[in-house]
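A.B. asks: predicted model and sequence below, questions to follow.
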Amino acid sequence: MSAIEHLPEIDNGLLRFLTCGSVDDGKSTLIGRLLYDTKTILADTLHAIARTSERRGLEAVDLSLLTDGLQAEREQGITIDVAYRYFTTGRRKYIIADAPGHEQYTRNMVTAASTANLAIILVDARKGVLTQTRRHSYLAHLLGIPHIVVAINKMDLVDFDRATYERIRGQYLEFAATLGIGDVSFIPLSALNGDMIVDRGERLGWYSGPTLLDILENAPTAHSERDERFRFPVQFVCRPQKAGDPKLHDYRGFMGRVESGEIAVGDEVLVLPSEQRTRIKAIEIYGSSLPRAIAEQSVTLLLEDEVDISRGDMIVRAQESALVTRRIETMLCWLGETPLDPQRKYLIRQTTRETKAAIEAIDYRLDINTLQRMPAERLSMNDIARVFFKLAQPLCVDAYAENRSTGAFIVIDETNNNTVGAGMIL
C-alpha cells in the first residue's frame with residue numbers, strides 16, 4: 001500500500017516549491033513521479049503521456065511529460081520554460097515550479113524562485129556537483145528561498161552506493177558554506193523508479209532520513225517562521241456613490257493585500273510616505289467584518305481619521321515603519337532582450353507604487369558561472385548585477401532579506417510596457 005494512503009487529513013497550508021538543477025538531472029521526471037505516486041494524475045492525462053511515450057519508442061511511461069508541456073520541449077526532450085503544476089495530498093496543497101536547466105534561461109529560474117519557500121536542487125549521482133548546480137544554488141540563496149533540499153538523483157545508476165551519496169553531500173556542503181547557505185537537507189533517490197519519493201523503496205536501506213514527500217509535508221509555509229512587520233500597500237481607494245444611501249455617504253475604504261504581518265481593529269497605524277497616524281476602524285472582506293487581517297488576505301481597511309491616501313501608499317504599524325527613499329541599492333536580474341542602457345530612464349514598480357528611475361551606477365556584474373564580480377557598463381539578458389537607482393518619487397521599502405514582497409520590484413520599459421528587469425533591494 002502506498003505511503004500516501006496512510007497520511008492523516010491535516011491541513012499544513014500551501015507550500016510553493018521549486019525544482020532546479022543541471023540539464024538532464026531528472027527534474028521533470030521527479031515531479032512526474034511525485035504526481036503519479038500521490039495519485040493526483042487524471043486517467044486521461046496518464047493515457048496521453050503513455051501514447052506520447054509509445055511514439056518515442058519508450059518501454060515505460062515517461063513521467064517527465066507531465067511537466068514538459070510545450071510541444072517544443074517534447075520535441076527537444078528538454079525543459080525550456082517554467083512549468084507549473086498543482087496537486088494536493090491529505091495534509092497540504094502544493095504549487096510546483098519546474099525551472100529550466102539551461103544557462104540561457106536564468107531569467108526563468110529567477111521568475112520561478114521569486115515566490116518559492118523551498119527549493120529542490122537535483123544532482124545526478126554519476127556527475128556530482130556541477131556548475132549549474134552551483135548556479136541554481138546561488139540564485140535560490142540570492143532570492144531568499146529559506147529551505148534547500150539537495151536531491152541526489154539517479155542512485156539506481158550507481159547501484160545505490162552510499163559512498164557516492166556521502167561524497168556528493170560533502171562537495172555540496174563545502175560549496176554551501178562559501179555562500180552562507182544554512183538550511184540544507186540531503187536525500188538520495190531514484191525519480192525513475194520512485195525510491196524515496198513517496199515510498200521508501202527497498203534499495204536505500206542505509207538511509208534513515210525522511211522521504212521527499214515527508215520533507216515537503218512538514219516544511220514551514222511562507223509567513224509562518226517568524227514575526228513579520230505589517231505591510232499593506234494600498235491598491236484602490238473605494239468611495240462608493242449611491243444616491244439616497246446615507247451609510248455610503250462618508251464611506252472611504254482602502255483596498256489591498258496584506259503582504260506580511262497582521263493587523264487588528266483598534267491598532268495604531270502609520271501611512272507612508274506622508275507619515276500620518278491613525279487607527280484601524282474596521283476591517284472588511286466580501287462585505288463582512290473581521291476582527292483582524294493576516295498575511296496574503298485581500299481586505300478593505302477603514303480608518304478612524306480622514307487621511308489623504310492614494311494608490312501606492314503603504315499602511316504599516318505605527319512602531320514598524322518602512323524606509324521611505326528616493327535611492328535604492330539593488331541586485332538586478334536583466335530580463336529584456338534589449339540590453340540595459342544606463343543613459344535611459346525606466347519605470348520601477350514596487351508593490352502598488354510606480355516611479356520613474358535613472359541608473360545611478362552599475363557597481364558590478366556577477367559572473368554566474370564563477371560567482372566572480374566583473375565590471376560592467378551595461379547589462380544583457382540573464383545578467384545579474386548590483387545596480388543603484390535614483391527615483392523620481394519615493395518608495396516605501398524593506399530589505400529583500402527581511403521582506404520578499406516590499407523588497408522586490410520590477411523594471412518596465414515605458415516605450416513598450418514590457419517587463420525588462422526584476423530586482424531585490426539590499
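C.D. replies: Nice, thanks for sending it over.
A.B. asks: where does pLDDT dip in the stretch 201-350 of the chain?
C.D. replies: 241-249 (pLDDT under 70).
A.B. asks: report the secondary structure state of Ala140.
C.D. replies: When classified by DSSP: H, G, I helix; E, B strand; the rest coil, Ala140 comes out as helix.
A.B. asks: now the closest residue to it other than its chain neighbours: how far from Ala112?
C.D. replies: Excluding the flanking residues, the one nearest Ala140 by CB to CB, 6 or more residues apart in numbering is Ala119, at 4.3 Å. Heads up, the C-betas are built off the backbone N, CA and C, glycines and all. Using CB to CB, to the nearest Å, we find Ala119 at a distance of 9 Å from Ala112.
A.B. asks: what touches both of these two?
C.D. replies: Shared contacts of Ala119 and Ala112 (CB atoms under 8 Å, 6 or more residues apart in numbering): 18, 20.
A.B. asks: quick revisit: list the pairing partners of whichever strand or helix holds the residue nearest to Ala140 within its sheet, with orientation.
C.D. replies: Under the criterion of DSSP states H and E, Ala119 resides in strand 118-124. Strand 118-124 sits in its sheet next to strand 14-21 (parallel), strand 147-153 (parallel), going by DSSP bridges.
A.B. asks: pick out the shakiest of those strands, pLDDT-wise.
C.D. replies: Here the lowest mean pLDDT among those goes to strand 14-21, at a mean of 90.
A.B. asks: just the C-alphas of that strand, formatted as PDB.
C.D. replies: Written as PDB, here are the backbone C-alpha positions of strand 14-21 (Å, rounded to 0.1, in the frame of the first residue of the first chain):
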ATOM      1  CA  LEU A  14       0.000  25.900   0.900                       C
ATOM      2  CA  LEU A  15       3.700  25.200   0.000                       C
ATOM      3  CA  ARG A  16       5.200  26.700  -3.100                       C
ATOM      4  CA  PHE A  17       8.400  24.900  -4.100                       C
ATOM      5  CA  LEU A  18      10.900  24.900  -7.000                       C
ATOM      6  CA  THR A  19      12.800  22.100  -8.700                       C
ATOM      7  CA  CYS A  20      16.100  23.100 -10.400                       C
ATOM      8  CA  GLY A  21      19.500  21.700 -11.300                       C
END
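A.B. asks: OK, contacts around the spatially closest residue to Phe409 that is not a sequence neighbour?
C.D. replies: Computed as CB to CB, 6+ apart, the closest residue to Phe409 that is not its neighbour in sequence is Gln350, at 3.9 Å. Taking CB under 8 Å, 6+ apart, we find Gln350 in contact with 395, 397, 406, 408-409.
A.B. asks: and the pLDDT for the residue nearest to Ala140?
C.D. replies: On pLDDT, Ala119 comes in at 95.
A.B. asks: coming back round to it: what is the residue nearest to Phe409 paired to in the beta sheet?
C.D. replies: The partner residues for Gln350, given DSSP bridges, come to Arg353.
A.B. asks: care to break the chain down by domain?
C.D. replies: Using automatic domain parsing, the domain parsing of the chain gives 3-218, 231-317, 323-425.
A.B. asks: sorry, back to before: using TSV, lay out the strands paired with strand 118-124 together with mean neighbour count and distance to Val387.
C.D. replies: Below are the strands paired with strand 118-124 laid out as TSV (neighbours: other CB atoms under 10 Å; distance: least, CB to CB, whole Å):
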stretch	mean neighbour count	distance to Val387
strand 14-21	24	24
strand 147-153	24	26
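A.B. asks: minimum distance to Ala376: which of these has it?
C.D. replies: Closest approach to Ala376 among those is made by strand 14-21 (25.1 Å; CB to CB).
A.B. asks: next, the angle from the following helix or strand past the closest one to strand 118-124.
C.D. replies: As assigned by DSSP H and E, the chain's next helix or strand after strand 14-21 is helix 27-37. Calculated by axes from the mean of the first three to the mean of the last three CA atoms, to 10 degrees, helix 27-37 forms an angle of 120 degrees with strand 118-124.
A.B. asks: report the distance from helix 27-37 to the chain centre.
C.D. replies: With CA atoms, centre = their mean, to the nearest Å as the basis, helix 27-37 stands 20 Å off its chain's centre.
A.B. asks: and it, what other elements does it pack with?
C.D. replies: With contacts taken as 3 or more CB pairs under 8 Å, 6 or more residues apart in numbering; DSSP states H and E, helix 27-37 sits against strand 14-21, strand 83-88, strand 93-98, strand 118-124, helix 212-218.
A.B. asks: what ranges does the stretch 51-200 of the chain have for its helices?
C.D. replies: In the stretch 51-200 of the chain, the segments counted as helices under DSSP state H, counting those that start in this stretch are 71-76, 106-113, 131-142, 162-179.
A.B. asks: can you redo the domains of the chain as CSV with distance to Glu225?
C.D. replies: Shown next, in CSV, are the domains of the chain (distance: least, CB to CB, whole Å):
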stretch, distance to Glu225
domain 3-218, 7
domain 231-317, 12
domain 323-425, 12
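A.B. asks: circling back: among the helices and strands packed on helix 27-37, which is nearest Ile368?
C.D. replies: Evaluated over those, closeness to Ile368 peaks at strand 14-21, with 13.2 Å, by CB to CB.
A.B. asks: excluding sequence neighbours, find me the nearest residue to the residue nearest the centre of the chain.
C.D. replies: Closest residue to the average C-alpha location of the chain: Thr115 at 1.9 Å, with CA atoms, centre = their mean. Take Thr115 and drop its neighbours on the chain: the residue closest to it by CB to CB, 6+ apart is Arg16, 5.4 Å away.
A.B. asks: list the contacts of that neighbour.
C.D. replies: By CB under 8 Å, 6+ apart, the residues touching Arg16 are 94-95, 97, 115-118, 222.
A.B. asks: can you pull up the bridge partners for it?
C.D. replies: Under the criterion DSSP bridges, Arg16 forms beta bridges with Ile95.
A.B. asks: and the one 4 residues further on, by the same measure?
C.D. replies: Going by DSSP bridges, Cys20 is paired in beta bridges with Ile121.
A.B. asks: surely it touches Ile120?
C.D. replies: Yes: counting by CB atoms under 8 Å, Ile120 is a contact partner of Cys20 at 7.4 Å.
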